[in-house]
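Predicted model, plus sequence, below.
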Amino acid sequence: MNATPYIVFDFDGTIADTIDLGFRIYNRIAPEYNTKQIDEEFKHEIVTKHPQELLKKYGISHFKVITLLLRLRKEFTKHIDEVNLITGMEQALHAIKNAGLRIGILTSNSVVNVRKVMDNYNLSSIIDFVYSGKGLFGKDKVIRSMLKKENISTDNVIYVGDETRDVEASKKAGIPVIAVPWGFNSRSSLELAHPTEIADGPDSLLGCAQRILNMNRKTV
């Protein structure tokens, strides 16, 4: 397996500022699926509650979630040129790459969509891989599949995500995780999930990763 450490990022809400766009698209298509549209109260619940709590409360089945995700992917493609990166993320990715680390992206979005956004920012050349997985829950299985496909050891990777389920999945998969509070879930919710580190901003990601890697070396 490759000995160079990998930093693997979630895409939506972590690298790319797609959450508001996702809400707009969802509200437009929600009537077609007989699901509740997102208002300000629901947005507050989204950032503070676990996804499974919300699905149960609003009566959305797992099958319907998968159907909605696939439709959102398709609609997202039509708006791809509207997607911006999180402020400071472009510089953060370059800093991580310049530090000698490899960069991967694990997303529920499509590889084509992610590559298009990266191309728009001239970042494709520093991304080592993009892996797309469809699981909303059981994300730990998606992480394990990604590690196997990319031939990455659990001792040699850090995940970066903006949701409590990213933290939970990383723990189940046996890898450290950096939580970012600028995406889907609030900082207080992320803290309750007990990630390995919480980044204050994109410019602190490299420092978080280096602390984790140094800690891992000391325990070997």
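Here it is on my side, so go on. Numbering: from 1, shown residues only.

Torsion angles phi and psi at Phe129?
Phi and psi for Phe129, reported as degrees, to the nearest 10, are phi -160, psi 160.

For the protein, which segments count as strands?
Counting by DSSP state E, residue ranges of the strands within the chain are 6-9, 16-17, 84-85, 102-107, 129-132, 157-161, 177-179, 197-198.

Save the ones you listed as TSV, and put in mean pLDDT and distance to Lys64 too.
Heads up, the C-betas are built off the backbone N, CA and C, glycines and all. As requested, the strands of the chain are exported to TSV (pLDDT from 0 to 100; distance: least, Cβ to Cβ, whole Å):
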stretch	mean pLDDT	distance to Lys64
strand 6-9	98	28
strand 16-17	95	25
strand 84-85	96	29
strand 102-107	96	21
strand 129-132	95	20
strand 157-161	98	23
strand 177-179	98	28
strand 197-198	98	32
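
Need these in TSV (columns: distance to Cys208 and mean neighbour count).
Formatted as TSV, these follow (distance: least, Cβ to Cβ, whole Å; neighbours: other Cβ atoms under 10 Å):
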stretch	distance to Cys208	mean neighbour count
strand 6-9	10	25
strand 16-17	19	22
strand 84-85	18	18
strand 102-107	14	22
strand 129-132	21	18
strand 157-161	8	26
strand 177-179	5	26
strand 197-198	4	19
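
Could you check how far Ile126 is from Arg144?
Separation of Ile126 from Arg144 (Cβ to Cβ, to the nearest Å): 25 Å.

Kindly report the same for Glu191.
Distance, Glu191 to Arg144, by Cβ to Cβ: 26 Å.

and the longest helix along the chain, what other elements does it pack with?
Longest helix in the chain, counting residues (DSSP state H): helix 62-78. Other elements packing on helix 62-78 under the criterion 3 or more Cβ pairs under 8 Å, 6 or more residues apart in numbering; DSSP states H and E are helix 19-29, helix 111-120.

most packed of these?
Among these, helix 111-120 has the highest mean neighbour count (mean count of other Cβ atoms under 10 Å), at a mean of 17.

now that one, how far from the centre of its chain.
Chain-centre distance of helix 111-120: 15 Å, with Cα atoms, centre = their mean, to the nearest Å.

what sits against Ala99?
Neighbouring residues of Ala99 by Cβ atoms under 8 Å, 6 or more residues apart in numbering: 206, 210.
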